[in-house]
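> below: sequence and its predicted model.
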Amino acid sequence: MIGGDATNDGWELLLKNITPNALHDSSARYDAPKCDEDTRVGVTHEIMDWIQNRDGPQRLICMTGAAGSGKSALLQTIAERCTPSGILSAAFFCSSADPTRNTVSLIVPTIAYQIGLKHHAFRSAVAAAVKHDPNVFSRSLQSQMDILIVHPFEGLRRSQRPDANTFPYVILIDGLDECIGTSSTTLHPVPADADDRHEAEDRQAELLTAIRRSILNNNLPFRVFIASRPEWAIRTALGPGGHLRQMAYHIALSDKYDASGDMRRYLRRKFKDIGLQIGDSLWFSEDTIETLVQAASGQIVYVATVYRSAEVPGGEAEGYPHLDTAQGAGGSAEEILVSDLRSLVTVDKDGSHLNLCLYHKSFSDFLSNKNRAKELFVPKSRVYTHLTKCRMQQITGCPLDFDSRAYDKYILLLLLLLADREELVNYWESSVKNLRHVKDNLAARKPEVAAIITEFLDTLDRDLEPVGVKGRIQLLSESN
């Protein structure tokens, strides 16, 4: 009994709107991934230091990283470290493949449920709130957070019942990017179309806003740890001008923390265990480990999958189809172009040049293999054709402007270099002739490219009329 039938009714109603599968110790997540010994030591210590420093100015920590970078394993490790000391208040592990934990609508009730298990008076307050408003679960996320977390805690604080030094204060949310927009009763691994994706992003952003307004702005003692791929909702919140940029401590796994050393130690230890099982301690080499580490591109899930495949009797070491699924998963024009691919690619600036880099080498291997990529495979010839079309369209889309001083200077420069007017005319006419020859050769195989070249040549002929290139050169020579 927690204080009468009415209160019990409220708690029972709450239980119908939570998902036990999302807890860190749920049976649905049995043998959940966590950091292996002596891996991710530095970042784990950094996170635990932040958690234990309750006087720190930032009470929200956001960890972003590409798929397979070890975010879920880190949160599981943190949850298991916080549990024995009694500081874990609640944890919610999202999963796109589990319809009971792939929506944000169950996050707040499930967190309130876990806090209530740890504090009797808080549980009574939550149950009474649900009894008073049975429709609270259909309200906005901020209203849910206010009714189920903020108001019960503030009521306890006014009665001076909670001891701030003993009240569990760590809230963990993993996989924010895996939450879809609305509840689903079937497997729904990813939003089906653009509208679904936008709805999912809006709901993820709504949760981040609710955490800021309800927990951070109300000076509650909780320290919240959120992990996500660097998708739109969390990326914009943490980016320049984002509403969490100053309030959150940001850990970018893929950018700052090199896991190569962790992966080498992990593989070395695991491969030695296999060697003991098969009676051959020399079955692997350091070169093998280094090859796997380089192929992993910083993603721990790759080497963990390699180990599991090697551990299975008769397992093949040359192909991992299951990796393909893992990999598939406002700013400059370049940033907008890749905004929906931030979990897979990054844009690096090298001076004035921009380079598109893949986080996962295995993803690059997948895309370049026709047998594996299937309909996603794009041959190099098609890429070259596309780039040629874009460049020619850019050229024909701009006026050649043969009367401009810049173009006159270009012809004069050629005159100086070739030192002969007739040679310049021959050079020009030969270049145009070669271009017409290329156009004729492409007419049957690549008619769309040939059409663009034809448009360019027609523009060239039209703009040089009526004097022609020889007459143009003659006029320039006489005037200079």
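Looks like it came in fine. These numbers come from a predicted model, not from an experiment.
> now do the SS call for the residue nearest to residue 161 when sequence neighbours are not counted.
Spatial nearest neighbour of residue 161, chain neighbours left out: residue 121 (5.3 Å); criterion: Cβ to Cβ, 6 or more residues apart in numbering. Backbone N, C-alpha and C define where each C-beta goes, glycine included. Following DSSP: H, G, I helix; E, B strand; the rest coil, residue 121 is assigned to helix.
> cool, and residue 221?
coil.
> identify the residues contacting the closest residue to it other than its chain neighbours.
Of all residues not flanking residue 221 in the chain, residue 169 sits nearest, at 5.0 Å (Cβ to Cβ, 6+ apart). Contacts for residue 169 (Cβ atoms under 8 Å, 6 or more residues apart in numbering) come out as 54, 87, 89, 221, 222, 223.
> list buried members of the residues you listed by neighbour count.
Buried by 16 or more other Cβ atoms under 10 Å: 87, 89, 221, 222, 223, out of these.
> mind listing what the last one touches?
Counting by Cβ under 8 Å, 6+ apart, residue 223 makes contact with 50, 51, 54, 59, 60, 61, 169, 170, 171.
> where does it land on pLDDT?
With respect to pLDDT, residue 223 scores 95.
> in the sheet, who's paired with it?
Under DSSP bridges, the beta-bridge partners of residue 223 are residue 170.
> distance of it from residue 196?
32 Å (Cβ to Cβ, to the nearest Å).
> who are the packing partners of the longest helix along the chain?
Longest among the helix segments of the chain by residue count, using DSSP state H, is helix 421-445. Packed against helix 421-445 by the contact rule (3 or more Cβ pairs under 8 Å, 6 or more residues apart in numbering; DSSP states H and E) you find helix 405-418, helix 447-464, helix 468-479.
> same thing but at 10 Å, please
helix 380-396, helix 405-418, helix 447-464, helix 468-479 (3 or more Cβ pairs under 10 Å, 6 or more residues apart in numbering; DSSP states H and E).
> avg pLDDT for the second one?
It stands for helix 405-418. On average, helix 405-418 scores 52.
> please apply the same query to stretch 431-439.
Throughout stretch 431-439, pLDDT has a mean value of 79.
> off-centre distance for that stretch?
46 Å (Cα atoms, centre = their mean, to the nearest Å).
> equivalent analysis for stretch 295-307, please.
Taking the mean of its C-alpha atoms, stretch 295-307 sits 17 Å from the chain's own mean (Cα atoms, centre = their mean).
> tell me the buried residues in that stretch?
296, 297, 298, 299, 300, 301, 302, 303, 304, 305, 306, 307.
> closest to residue 139 among those?
Closest approach between the buried residues of stretch 295-307 and residue 139, by Cβ to Cβ: residue 301, at 37.0 Å.
> do I have it right that that closest one meets residue 266?
No - Residue 301 lies out of contact with residue 266 (Cβ atoms under 10 Å); the separation is 11.5 Å.
> farthest pair within the contacts of residue 169?
54 and 89 (12.8 Å).
> the strands in the stretch 51-200 of the chain, which residues?
Assignment of strands within the stretch 51-200 of the chain using DSSP state E, counting those that start in this stretch yields the ranges 60-64, 88-93, 170-174.
> dump those strands into CSV; add distance to residue 212 and mean pLDDT as well.
Listed next are the strands of the stretch 51-200 of the chain as CSV, based on distance: least, Cβ to Cβ, whole Å; pLDDT from 0 to 100:
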stretch, distance to residue 212, mean pLDDT
strand 60-64, 8, 95
strand 88-93, 17, 96
strand 170-174, 13, 97
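> tabulate those strands (TSV), appending distance to residue 146.
Putting these into TSV (distance: least, Cβ to Cβ, whole Å) gives the following:
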stretch	distance to residue 146
strand 60-64	17
strand 88-93	16
strand 170-174	15
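> for residue 115, which of those strands is the nearest?
Closest to residue 115 of the strands of the stretch 51-200 of the chain is strand 88-93 (Cβ to Cβ; 5.4 Å).
> the closest one - contacts with which helices or strands?
helix 71-82, helix 107-118, strand 170-174, strand 223-228.
> now tabulate the ones you listed in a markdown table and tack on distance to residue 447.
Converted to a markdown table, the helices and strands packed on strand 88-93 look like this (distance: least, Cβ to Cβ, whole Å):
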| stretch | distance to residue 447 |
| --- | --- |
| helix 71-82 | 48 |
| helix 107-118 | 54 |
| strand 170-174 | 52 |
| strand 223-228 | 46 |
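> to residue 291, which of those lies closest?
helix 71-82 (22.9 Å).
> that closest one to strand 88-93, inter-axis angle?
160 degrees (axes from the mean of the first three to the mean of the last three Cα atoms, to 10 degrees).
> how far off strand 170-174 does helix 71-82 point, in degrees?
Using the same axes, to 10 degrees, helix 71-82 lies at 160 degrees relative to strand 170-174.
> who are the packing partners of helix 71-82?
For helix 71-82, the packing partners by 3+ Cβ pairs under 10 Å, 6+ apart are helix 41-52, strand 60-64, strand 88-93, strand 170-174, strand 223-228, helix 253-256, helix 300-311.
> how about those in CSV, adding distance to residue 33?
CSV is the format used below for those (distance: least, Cβ to Cβ, whole Å):
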stretch, distance to residue 33
helix 41-52, 14
strand 60-64, 15
strand 88-93, 10
strand 170-174, 11
strand 223-228, 12
helix 253-256, 14
helix 300-311, 7
